[in-house]
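In: Sequence unavailable; structure follows:
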Ligand SMILES: Cc1cc2nc3c(=O)[nH]c(=O)nc-3n(C[C@H](O)[C@H](O)[C@H](O)COP(=O)(O)OP(=O)(O)OC[C@H]3O[C@@H](n4cnc5c(N)ncnc54)[C@H](O)[C@@H]3O)c2cc1C
């Protein structure tokens, strides 16, 4: 194929792959969907990205930028015949300025590697998706990733000071948070549909003076909802407010026995970040709120114990994979005062559709992740999951919720965009996209539905 030969000549043959095994590896992400790329390239310099975009654009070939491939929204699924640009080899830290508390990094750096490096300087990178050991800064920026600590510190966009991007014609732009208008804000969260990110200037935060946790167990979900609401309303310095349901507690206890409560309907991990002198009072106030609601609690203050608790929570995804053959992860946000009602509604829907559901949630943000578990080998199982999922979407939107809480729209929810956004809003999205990428070759079937059949693709295509 002429454009692939041209790409080989421009980037060097060692950076361009077309064999079936390599292509298969990038044909999927963490969603249930898959694609069929024609070519995989590993840029090592920005110039490689510029050339790749020029060549693909001229040939009218779709381009999908790829980070860690952990998208749960089918955001990294390549359309048939696409070029995948995988950023594993562009993972340098160009500069870390500890005094200015900034880092200029390349998109292939993992979230975890950046945070670990920052910690050597008494700093940290605040957005911390549970996928952080694998997911990369480029993917985090493209999805505007959230994480356990976003309750206190905001999501990725709140930490991106500027981005270097390559546009479809191969030209380069620096988009800065201080620019007016702030075009950086358009690119963050645009799911690779506007430009390819080749570097980012990120802000780092000081490591907090003191942290502590209260791990709580509740016999009823309503009690957990009540406590979460009281903590937020009281203005306590909660940096994370994680909800875990009974089934997930059972899953986690297989990997990390005794770390989280057992025999309860709901658990909350409440983390507090504050000054040394205020820590005890904040934790005591939370314990009192838990007791008042009829729950049980355990305090964790040492860093080893707190790390053990977070690791148990973060490994829930992996533990889960060991027990259930297949799962479909929902990602939506609802107003906090609707959380309990929606969680109860999700249980009723899954029961009616004879599928099992397991839920974790960033409760302070109203960001909920029910995972429907199933065995894809069983005839009709996936169809039941999608029917239940469709009913869940209806429930969420009826309660004033959003299609996505933090994973993005991707290809997964392309066909559902019209349920949340009006025709005028969708036209606006299309116009923004066309202004960056007039030919529509950057991650073409993601996030922004085109008109007609294209608009109905994704997991909810036929729902
Ligand atoms: C176990 C597990 C836990 C998770 N936990 C969280 C969580 O707590 N919070 C959260 O928000 N998400 C979470 N996710 C979802 C996922 O990790 C995030 O969406 C993450 O930001 C994706 O990063 P990635 O590097 O894997 O990107 P990929 O999956 O490779 O790509 C995601 C999107 O980014 C685009 N992209 C990638 N690199 C670039 C680039 N350089 N320029 C332009 N576009 C680019 C892709 O085209 C695609 O649209 C989780 C996923 C898993 C599997």
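Out: Looks like it arrived, so ask away. Quick caveat: nothing in here was measured; it's all calculated off a predicted structure. Numbering: from 1, shown residues only.
In: What's the nearest residue in the stretch 151-300 of the chain when you look at the ligand?
Out: Minimum separation of the stretch 151-300 of the chain from the ligand (C-beta to the nearest ligand atom) falls at residue 192, amounting to 2.9 Å. In this view, the C-beta of every residue, glycine as well, is placed from N, C-alpha and C.
In: Model confidence for that residue, exactly?
Out: On pLDDT, residue 192 comes in at 98.
In: contacting residues for it?
Out: 64-65, 75-76, 142, 442-443, 446 (C-beta atoms under 8 Å, 6 or more residues apart in numbering).
In: Specify the local secondary structure of it.
Out: coil (DSSP: H, G, I helix; E, B strand; the rest coil).
In: Now do the same contact list for the residue in the stretch 201-350 of the chain positioned nearest to the ligand.
Out: Relative to the ligand, the nearest point of the stretch 201-350 of the chain is residue 317 (3.2 Å; C-beta to the nearest ligand atom). Residue 317 makes contact with 130-131, according to C-beta under 8 Å, 6+ apart.
In: And it, how far from residue 129?
Out: As for residue 317, its distance to residue 129 is 11 Å (criterion: C-beta to C-beta, to the nearest Å).
In: Could you do residue 274 as well?
Out: Taking C-beta to C-beta, one finds residue 274 at 24 Å from residue 129.
In: for the closest residue to residue 375 other than its chain neighbours, what are its contacts?
Out: Distances taken as C-beta to C-beta, 6 or more residues apart in numbering put residue 325 closest to residue 375, at 4.8 Å, once the chain neighbours are dropped. Contacts for residue 325 were tallied using C-beta under 8 Å, 6+ apart; they are 374-377.
In: and these, which are buried?
Out: residue 374 (16 or more other C-beta atoms under 10 Å).
In: The stretch 351-463 of the chain: helices as residue ranges?
Out: Assigned by DSSP state H, counting those that start in this stretch, the helices in the stretch 351-463 of the chain fall at 381-398, 417-420, 423-436.
In: Contacts for stretch 88-107 next, please.
Out: With C-beta under 8 Å, 6+ apart, stretch 88-107 has contacts from 15, 42-45, 65, 67, 87, 108-110, 113-114, 117-118, 121-123, 125, 136-139, 141, 161, 197-206.
In: if we go to 7 Å?
Out: 42-44, 67, 87, 108-109, 114, 117-118, 121, 123, 136-138, 161, 197-204 (C-beta atoms under 7 Å, 6 or more residues apart in numbering).
In: when you check the ligand, which of these turn up near it?
Out: Applying C-beta under 6 Å from any ligand atom to the contacts of stretch 88-107, one finds that 67, 87, 136, 138, 197 fall near the ligand.
In: Format those as JSON lines; extra columns: neighbour count, secondary structure and pLDDT.
Out: Formatted as JSON lines, these follow (neighbours: other C-beta atoms under 10 Å; DSSP: H, G, I helix; E, B strand; the rest coil; pLDDT from 0 to 100):
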{"residue": "67", "neighbour count": "30", "secondary structure": "coil", "pLDDT": "98"}
{"residue": "87", "neighbour count": "25", "secondary structure": "coil", "pLDDT": "98"}
{"residue": "136", "neighbour count": "30", "secondary structure": "strand", "pLDDT": "98"}
{"residue": "138", "neighbour count": "28", "secondary structure": "helix", "pLDDT": "98"}
{"residue": "197", "neighbour count": "28", "secondary structure": "strand", "pLDDT": "99"}
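In: out of those, who's nearest residue 345?
Out: residue 67 (33.6 Å; C-beta to C-beta).
In: which SSE is the residue of the stretch 201-350 of the chain closest to the ligand in?
Out: For residue 317, the element it lies in under DSSP states H and E is helix 316-323.
In: how about that helix: buried residues?
Out: 316-317, 319-320.
In: Could you single out the nearest of those to residue 331?
Out: Nearest to residue 331 among those, with distances taken as C-beta to C-beta, is residue 317, at 13.1 Å.
In: Run a quick neighbour tally on the residue of the stretch 351-463 of the chain found nearest the ligand.
Out: Residue of the stretch 351-463 of the chain nearest the ligand, by C-beta to the nearest ligand atom: residue 406 (3.5 Å). Counted by other C-beta atoms under 10 Å, the residues lying close to residue 406 total 24.
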